[in-house]
Every structure is written in C-alpha cells, then in structure tokens.
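**Student:** Predicted structure and sequence below. I'll ask about it afterward.
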Amino acid sequence: MHKTHGNQRLLALFFAALMALNYPPLSLWNPHVMVFGLPLFPTALFSLWAALIATMAWVLENAGD
Amino acid sequence: MLPATLVVGASFAYLLLFAVASLGDRRALQGRSLIGNAWVYALSMAVYCTAWTYFGSVGRAATAGIWFLPIYLGPTLAMVLAWLVVRKMVRISKSYRITSIADFIGSRYGKSPLLAGLVTLITVVGIIPYVALQLKAVSVGYAVMTKPLSEPIAGQGHWSGDITLYFALALAAFSVVFGARRIDSSERHEGMVAAIAFESLVKLLAVGLFVTYGLFDGMADLFARAGAVPELAALLVI
C-alpha cells in the first residue's frame, strides 16, 4: 500500500475518534441502563477508547511503509 | 495504617527495577533489544501515570465520576497523529543532534539563542509546580499509609522537618548517578524504558487485576457495590 494511504487513514481515524468522543455523539450512551452489570456510559467510553487503540494499531501495522 | 518498616521494606522490592534496567541495557548492547516490541513500548508509555495520578485521577473519579477519563483520551487521540508529527520531530532532532524542546524550537526559528533561552525559562517555571506536586504525592502517599487515620496527613512544622525535601534530594542524587550527566540524541535509554514497562505491568497486575478480581468479585461487583452507596451512585449517572 502507498504510504500516503496510511497517513490518510490516520487522519480519518483522528477526526472520526474526535467526533465519537465528543458531544453530541456521546449523548447516545446517556440512557441509564446496565450492560452485563456495568453502567452504559463508562462502558461505552472505555469501549470507544479500546476501539480507537485497536484501529490505530491495525492501521499502523498495515501501513506497509 | 501500616508500620513504617513494612512500607519502606516493600519499597525495596522496587530495587528489582534496577535489575530490569541493567538487563535492558545489556540486551541493547548485544543487539537483542528488549523494547523493540509494540507491547513493551506501549506499556512504557504508562509513565504518563505519575505519582500524582494516584491522587489526581482517583480524586477526580471519586468527585466527578467518569470525567477523570478525558485526560487519557486526549493523549490517545494525539498519538493517532504521532506517526505524522512526532516522527518528523524525531527525524529533525536526530539530524541536528537536538536534545531539548528549547533547542528544537530555537532551531526551527533560525537557531535563535534568545528564543531557546525563553523556551527554557518557560519550561523550567512551568515544570516546577508539577515536579513539586509529584514529590508531594510521594510523601503524602507515604503519610497516608503510615499515619493513623485520626492524625492529619500534612504536618505544619518547619520546612526542614518535611520529608518531601529528603525525597527530592534522594531523587536528585538518583538522576545524577543514572543517565542525566550526559545527553546525546543518539543515545537510547533502553534500560529505562524496560524498567518503566515492567513497572506498568506490576501496576496493571497488582493494582488493576488484584483489586478488581482479588479484593472484589469483578467489575460488575465493583459497580454494584458503588451503586449501593448514595454518594457514589450519583457519580455513575451522567
């Protein structure tokens, strides 16, 4: 893969994560319900964080630089 | 309250970090790097969780709930762009043999010594309260563990009686002996990185897993117990 593709993916990931971790998208997780005994909002925030790290690792491992 | 001898004795276990550091340095010399691995390197980044984190982040979580988290989300977001930005900075620093942020900014603006001096001044003034906070965290942490609950944590005596001063002197001696005497941009502190990664692993296993699954019965149990306390239950609602 061409190097700039990796860079473009990183930029796209940055802006996608920036939006997902801010309001209003964060208010999606406001309902006070439990998931597997855990409150929804913290679970969602930690899951988004983990997904960001995993996607970043995937993009960088496949950058083919 | 724990006996002071136990706390000091347990802290000697941290001498193990020296063994890890020297192993890291030896492996680097042999060309079989311990830290040339994404997992080890990622663990070493947890150096971001400083001594003060135990008070700052835990305190914030106890008073404001989930809003202790953005201070970690921000740097993670910034690291997405590290490949584009930090890599460039590393490349420039390597080719001009730059070792400090002051020289870096100075060199970007026509090698201005005035600007570099100004940056040094700002960073020194800016970092002193932060370093002081870390030292206070170490000494208050010690006081929390060794003093009876009824006694106040911070003493009001003369400054020479403040144990923080002696921590600062000991840490200064440590920095002089290890590493800070000579700085070169081509130098890689592999032992240091390995020691920090090892310490992060201890934090993760001892503090994280042991508290969650050893002292409590998993995360759901923790949240259920927090939910039973009215002050904490209020923090779980956004």
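**Tutor:** Good, I have the coordinates.
**Student:** burial measure for the nearest residue to B:Ala64 once chain neighbours are set aside, as a count.
**Tutor:** With sequence-adjacent residues excluded and distances taken as Cβ to Cβ, 6 or more residues apart in numbering or on different chains, B:Ala64 is closest to B:Leu235, at 7.1 Å. Any C-beta I mention is one placed from the backbone N, CA and C, and that applies to glycine too. The number of residues packed near B:Leu235 is 19, by other Cβ atoms under 10 Å in any protein chain shown.
**Student:** Read off the pLDDT value for the residue lying closest to A:Trp29 once chain neighbours are set aside.
**Tutor:** Excluding its sequence neighbours, the residue lying closest to A:Trp29 (Cβ to Cβ, 6+ apart) is A:Ala44, at 3.8 Å. We have a pLDDT of 88 for A:Ala44.
**Student:** Of all residues in chain A, which one is nearest the centre?
**Tutor:** Geometric centre of chain A, nearest residue: A:Leu52, 3.4 Å, by Cα atoms, centre = their mean.
**Student:** What helix or strand is that residue located in?
**Tutor:** A:Leu52 belongs to helix A:40-61 when assigned by DSSP states H and E.
**Student:** which helices and strands does that helix pack with?
**Tutor:** With contacts taken as 3 or more Cβ pairs under 8 Å, 6 or more residues apart in numbering or on different chains; DSSP states H and E, helix A:40-61 sits against helix A:3-20, helix B:70-80.
**Student:** The ones you listed: which one's closest to B:Phe198?
**Tutor:** Among those, the nearest to B:Phe198 by Cβ to Cβ is helix B:70-80 (20.8 Å).
**Student:** and that closest one with helix A:3-20, angle?
**Tutor:** 160 degrees (axes from the mean of the first three to the mean of the last three Cα atoms, to 10 degrees).
**Student:** circling back to that earlier point, wait, is the residue nearest to B:Ala64 part of a strand?
**Tutor:** No. The assignment for B:Leu235 (DSSP: H, G, I helix; E, B strand; the rest coil) gives helix, which keeps it out of a strand.
**Student:** which residues touch it?
**Tutor:** Shown in contact with B:Leu235 (Cβ atoms under 8 Å, 6 or more residues apart in numbering or on different chains): B:61-66, B:226.
**Student:** And those residues, which of them are buried?
**Tutor:** Using 16 or more other Cβ atoms under 10 Å in any protein chain shown as the burial test, the contacts of B:Leu235 include B:61, B:65-66 as buried.
**Student:** quick revisit: so which of the contacts of B:Leu235 comes closest to chain A?
**Tutor:** B:Ile66 (4.9 Å; Cβ to the nearest Cβ).
**Student:** ok, the closest one - contacts?
**Tutor:** A:41-42, A:45, B:235, B:238.
**Student:** For chain B, what's its nearest residue on chain A.
**Tutor:** For chain A, Cβ to the nearest Cβ, closest residue to chain B: A:Gly37, 2.9 Å.
**Student:** Name all residues that make contact with A:Leu28.
**Tutor:** A:Ala44.
**Student:** next one: phi and psi at it?
**Tutor:** phi -60, psi -30 (degrees, to the nearest 10).
**Student:** next one: B:Cys49
**Tutor:** phi -80, psi 100.
**Student:** how much space between the nearest residue to it once chain neighbours are set aside and chain A?
**Tutor:** Excluding the flanking residues, the one nearest B:Cys49 by Cβ to Cβ, 6+ apart is B:Lys203, at 7.2 Å. Distance, B:Lys203 to chain A, by Cβ to the nearest Cβ, to the nearest Å: 17 Å.
**Student:** Since that was my last question, I'll sign off now.
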